[in-house]
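Chemist: here's my sequence, what's the structure:
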Amino acid sequence: MSVMKRILIAGTGPTSVQMAVSLKTHLNCCVGIAGRQSVRSDPFFAEVKKNNHVLRADIQNEQHRKLQGECCIDHVFHGYGSIHGEWDTVILSVTADAYIEVLTQLKDELLHQLRCVVLLSPTFGSCALVRGFMMERHSDAEVISFSTYLGDTRWAQGCPSNHVITTAVKRKVFIGSTHAPSFHLEKFGELFGQLGIALEVMKSPIEAETRNISLYVHPPLFMNEFSLGIIFGGDLPSRKYVYKLFPEGPITQGLIRSMLTLWKEISAVIGKLNLEGVNLLKFMTDDNYPVRPESLTRHDIDQFMHLEAIHQEYLLYVRYASLLIDPFSEPDPDGRYFDFSAVPIPRIFSNKEGLWDIPRMPKEDYYRLKIIQGIARHLDSACPAIDHFIGIYERTISETALSLGGEPLSEAFVVQSFDKDIKRICKEIQHWRNEHVEK
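Modeler: Numbers count the residues shown, from 1 in each chain. Here you go, the predicted structure:
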């Protein structure tokens, strides 16, 4: 079978639509989309059927016009068990904690056909997890990890349909593969080049997975007393915001200190795998959101790794203070810049199944941290900050579940171990260390 000629996208969210449009437009390959049967996905399938398999992606900013387009996808599968035909590549466009759940539903015949499994939005350890699963099924399929999805894509009308809009696009995305050399990496490089996005190839998938800013900043921002009190607090008199300084938001000296400690703990785990760590401040400014040089000098950014902790804390605080407004926006007649930091802290909600549910942040961050905690313990690397974030989160969901006694709750309110995933990951990491680290 040819490579990257028949691509199956697993997942029915906005990112799946954008990827399908990009693949059809720029690689001219056969594309199918599959998703589970659920109350959440039913509207998507209905709209795609109504529009004769035509998908549309629009953009918010003209400079991203290469992502704009319309296509007719070749196949739509309502339920993973209904997938048929030959597929050489599957792109997992679902949350990282759902990878094994999706792969388990695919028929063995399909799994054995696959030449490549692509993880669109993995977390630290996701490639090891999927690689271990595939090896257990006697498949040597290449596994590719992106650092993160290419931007911010949402439903154009605010609800599932065949139409999405991409509002932001990253300047650079990192990628790594279990196989080298890799024709798949070449094809993705070709695709991202046409989309105007830099694609940097790392030495391994797990190294690409460390280049996700969410790993380092989401737990401190969302898993603290202030933010959790908003998320799980029910009706409150006023909004609070993720990226604002206290009292409008959670950012305090203590939060910045915990962010720095978390970065150092994750860096220690990365170091035990003999991988290159991340200069946190440089990663924040060069690969995510820049600030003006008057706020942070190039020297401070480049030398961040070598500074004393108190100096590092100061620079991180300055960085967040400098992004309270968009420093590159045009001020209005009153001198006010765009309120860049006014991202509301989300709250628990009733989902489409009628169950109380927890927002994606911090629900996904809980899974990320539990996996990193498991890897750290396997590598005998201390992680008290990670333990603290997990502890306060688990205590909060347990207390909230009790307070909502009798009301229908999603499984997100259950304290979980994720032991099966952690064991698979650690087993694969140990194999990798034996080959690459401990020689």
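Chemist: hang on, isn't C29 packed against I9?
Modeler: No: the criterion here is CB atoms under 8 Å, and C29 misses it with I9 at 11.2 Å. Bear in mind the C-beta positions are built from the backbone N, C-alpha and C, glycine included.
Chemist: who's more crowded, those two?
Modeler: More neighbours surround I9 than the other of C29 and I9, with 26 against 17 (other CB atoms under 10 Å).
Chemist: E47 - that's part of a strand, no?
Modeler: No: going by DSSP: H, G, I helix; E, B strand; the rest coil, the assignment for E47 is helix, not a strand.
Chemist: hang on, A208 in a helix?
Modeler: Yes: judged by three-state DSSP, A208 forms part of a helix.
Chemist: count of neighbours near it?
Modeler: For A208, the neighbour count with other CB under 10 Å is 25.
Chemist: wait, doesn't it sit right on M202?
Modeler: Yes: at 4.4 Å, A208 and M202 qualify as touching, with contact defined as CB under 8 Å.
Chemist: shared neighbours of these two, anything?
Modeler: Residues touching both A208 and M202 (CB atoms under 8 Å, 6 or more residues apart in numbering) are F174, I175, G176.
Chemist: quick check: the gap between the last one and D365.
Modeler: G176 sits 22 Å away from D365, going by CB to CB, to the nearest Å.
Chemist: with neighbour numbers in mind, choose between the two.
Modeler: Set G176 next to D365 and count neighbours by other CB under 10 Å: G176 wins out with 27 against 23.
Chemist: can you give the domain ranges for this protein?
Modeler: The chain breaks down into these domains under automatic domain parsing: 6-209, 214-436.
Chemist: on the three-state scheme, Y337 is what?
Modeler: Going by three-state DSSP, the secondary structure assigned to Y337 is coil.
Chemist: quick one, phi/psi of the residue nearest to it when sequence neighbours are not counted?
Modeler: Spatially, and ignoring its direct neighbours in sequence, Y337 is nearest to I325 (3.7 Å; CB to CB, 6 or more residues apart in numbering). Per-residue torsions, I325: phi -120, psi 160 (degrees, to the nearest 10).
Chemist: packing partners for the worst-scoring helix or strand of the chain on mean pLDDT?
Modeler: None of the helices or strands of the chain scores lower by mean pLDDT, DSSP states H and E than helix 419-436, at a mean of 91. Other helices and strands packing on helix 419-436, by 3 or more CB pairs under 8 Å, 6 or more residues apart in numbering; DSSP states H and E, are helix 99-105, helix 126-136, helix 360-378.
Chemist: how about a markdown table for the ones you listed, with distance to S161 and mean pLDDT added?
Modeler: Below are the helices and strands packed on helix 419-436 laid out as a markdown table (distance: least, CB to CB, whole Å; pLDDT from 0 to 100):
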| stretch | distance to S161 | mean pLDDT |
| --- | --- | --- |
| helix 99-105 | 22 | 98 |
| helix 126-136 | 28 | 97 |
| helix 360-378 | 19 | 97 |
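Chemist: single out the most deeply packed of those helices.
Modeler: Most buried of the helices and strands packed on helix 419-436 by mean neighbour count (mean count of other CB atoms under 10 Å) is helix 126-136; its value is a mean of 23.
Chemist: all helices for the stretch 101-250 of the chain, in order.
Modeler: Ranges of helices in the stretch 101-250 of the chain, per DSSP state H, counting those that start in this stretch, are 108-113, 126-136, 183-195, 205-209, 214-222, 225-231.
Chemist: how many residues are close by I197?
Modeler: Around I197 there are 18 residues (other CB under 10 Å).
Chemist: how about N351?
Modeler: Around N351 there are 15 residues (other CB under 10 Å).
Chemist: distance from the chain centre to the least confident helix or strand of the chain, please.
Modeler: For helix 419-436, the separation from the chain centroid amounts to 21 Å (computed by CA atoms, centre = their mean, to the nearest Å).
Chemist: repeat that for stretch 141-161.
Modeler: Put simply, stretch 141-161 sits 9 Å off its chain's centre (CA atoms, centre = their mean).
Chemist: ok, and the closest non-adjacent residue to E207?
Modeler: Nearest non-adjacent residue to E207, counting by CB to CB, 6+ apart: L275, 4.9 Å away.
Chemist: what about the one you found, how many residues nearby?
Modeler: L275, neighbours per other CB under 10 Å, totals 19.
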